[in-house]
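In: build me a model from this:
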Amino acid sequence: MSEEFTVITGAGGFIGARLATKVYTENPSSPLLLVDNLEYFSTRQCCEPFQQFKNQFKNVKYLSPADFINQLKRGQLAIKEIFHMGACSRTDETRKNFLLENNVRYSQQIWAACCEQKINLYYASSAATYGGGEHGYDDDHAVIPKLKALNLYGWSKQEFDLFVLEEIKKEQTPPHWAGFKFFNVYGPGEAHKTNQASVLMHAFKQLTEHGRMKLFRSHKDGFLDGEQKRDFVFVDDLCNVLLSFSDQKLKNGIYNVGSGKAETFLSLAHAAAQAIGIEAKIDWVDTPENLREHYQYFTEAKLDRLRDAGYRGEFTSLEEGAKRFYKEWKAQ
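Out: Below you'll find the model as predicted:
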């Protein structure tokens, strides 16, 4: 059998494309299988590096999700590992059956195939599973069943995490695996995400075009305007975590991936303005009514288990991440 593929699903998306670019540039001789809607690979800015790879090298293969899952289930692909980043990531998605099919059942099929064919699997969960933070942000497996998401996207990610916990009890797991609760990821390659892009991406656009940016007012007691806090994590740090688990075979489990430090939206605004080299001028706007019930006012990744698993990498500060993001964004 020919050399085995490293597979990245969702490779036409923000995180998947960044991960694929990093995997390829670090080891261009290793076969890489990129899975997503094929049109994304030629139309999205985050996929521009793939065009160079496709023209110059023959060890990068592309498949649609449907073709991939069919070939995977039939055992027609030689695979070393799968980074499963593919999902509908819209936090405002309201079609429950759509999310059930694309974020839950699709992931379950991949898990089952990895168990049967002895393929290592690393998959994307989300901090959206934590909901309003009533149970904190502890990724202890005993806490996960208590979590209640605030939106259907978070619910879909929680459903798959719960499925994985049940599979662990039955000792039906891939040989090596890990799930990752991504917090608020930002960085180059977000252009196609439009209104779902990170707050930092919106800040760059608004500040460069208008010299001002908009932030939501607080609609919750105990939080002043701009004092809402999130754990913002730079996309390259996230890729480093994923690859460390693959390369070093760190302990199986579901883990938080964030910076470990909650930052206010005001801090983000100042970091964005500083990266551009201007003053942060802010216009306050009401949080849309349809978002208020599902809005997270505080998130902060607890990283104890990630560190205990053996991950030693550092996380980029918001100020440094903003500078690196803006430099690349401006060049594009």
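
In: where do the helices sit along the chain?
Out: Along the chain, the stretches classed as helices by DSSP state H are 14-26, 40-43, 48-56, 65-73, 96-99, 106-117, 152-169, 199-210, 235-248, 265-276, 289-292, 304-308, 318-331.

In: could I get these in CSV, plus columns for mean neighbour count, mean pLDDT and distance to C88?
Out: Every C-beta, even on glycine, is put in place using the N, C-alpha and C of the backbone. Supplementary listing: the helices of the chain in CSV, determined by neighbours: other CB atoms under 10 Å; pLDDT from 0 to 100; distance: least, CB to CB, whole Å:
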stretch, mean neighbour count, mean pLDDT, distance to C88
helix 14-26, 22, 96, 13
helix 40-43, 16, 94, 14
helix 48-56, 14, 78, 21
helix 65-73, 16, 98, 11
helix 96-99, 14, 97, 6
helix 106-117, 19, 98, 10
helix 152-169, 19, 98, 7
helix 199-210, 19, 97, 19
helix 235-248, 19, 98, 19
helix 265-276, 21, 98, 25
helix 289-292, 11, 84, 18
helix 304-308, 16, 98, 26
helix 318-331, 17, 96, 24
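
In: for A127, find the nearest of these.
Out: With distances scored as CB to CB, the stretch of these nearest to A127 is helix 152-169 (8.4 Å).

In: give me the contact list for the closest one.
Out: Where contact means CB atoms under 8 Å, 6 or more residues apart in numbering, the residues beyond helix 152-169 that reach it are 87-96, 99-100, 102-104, 107-108, 111, 115, 123, 125-126, 128-131, 141, 144-145, 147-149, 173, 179, 254.

In: could you redo the last one with a cut-off of 6 Å?
Out: Outside helix 152-169, the residues that touch it by CB atoms under 6 Å, 6 or more residues apart in numbering are 91, 93, 96, 99, 103-104, 107-108, 125-126, 128-129, 144, 147, 149, 173, 254.

In: buried ones among those residues?
Out: 91, 93, 99, 103-104, 107, 125-126, 128-129, 144, 147, 149, 254 (16 or more other CB atoms under 10 Å).

In: not counting sequence-adjacent ones, nearest residue to G226?
Out: If you skip the residues right next to it in sequence, G226 has L266 as its closest partner in space, 3.8 Å away by CB to CB, 6 or more residues apart in numbering.

In: on that earlier part again, with respect to A197, which of the buried ones among the contacts of helix 152-169 is nearest?
Out: When the buried ones among the contacts of helix 152-169 are compared for distance to A197 (CB to CB), T91 comes out closest, at 11.7 Å.

In: my guess is that closest one meets L150, correct?
Out: No. Using CB atoms under 6 Å as the test, T91 is too far from L150 to be in contact (8.9 Å).

In: L63 against V35, yeah?
Out: Yes. Taking contacts as CB under 6 Å, L63 lies within contact range of V35: 5.2 Å.

In: neighbour-wise, which of these two wins?
Out: When L63 is set against V35 and neighbours are counted by other CB atoms under 10 Å, the residue ahead is V35, at 29 against 20.

In: report the contact partners of that one.
Out: Contact analysis of V35 by CB under 6 Å, 6+ apart lists 9, 11, 63, 65, 68.

In: can you check D139 too?
Out: D139 makes contact with 254-256, 305 under the criterion CB under 6 Å, 6+ apart.

In: counting neighbours, what do you get for the residue nearest to F98 when sequence neighbours are not counted?
Out: Of all residues not flanking F98 in the chain, C88 sits nearest, at 6.8 Å (CB to CB, 6+ apart). C88 is flanked by 17 other residues according to other CB under 10 Å.

In: how about the contacts made by C88?
Out: Listed by CB under 6 Å, 6+ apart, the contact partners of C88 are 99, 102-103.

In: try K80
Out: Under the criterion of CB under 6 Å, 6+ apart, the neighbours of K80 are 4, 6.

In: 7 Å instead?
Out: If you count contacts by CB atoms under 7 Å, 6 or more residues apart in numbering, K80 has them with 4-6, 120.

In: Throw those residues into CSV and include pLDDT, thanks.
Out: As requested, these are arranged in CSV below (pLDDT from 0 to 100):
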residue, pLDDT
E4, 94
F5, 97
T6, 98
N120, 98
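
In: could you work out the most separated pair of these?
Out: Farthest apart among the contacts of K80 by CB to CB are F5 and N120. That separation is 11.9 Å.

In: tell me the contacts of the closest residue to A280 other than its chain neighbours?
Out: Taking CB to CB, 6+ apart, and ignoring the residues beside it in sequence, A280 has A273 as its nearest neighbour in space, at 3.6 Å. With contacts defined as CB under 7 Å, 6+ apart, A273 is in contact with 207, 279-280.
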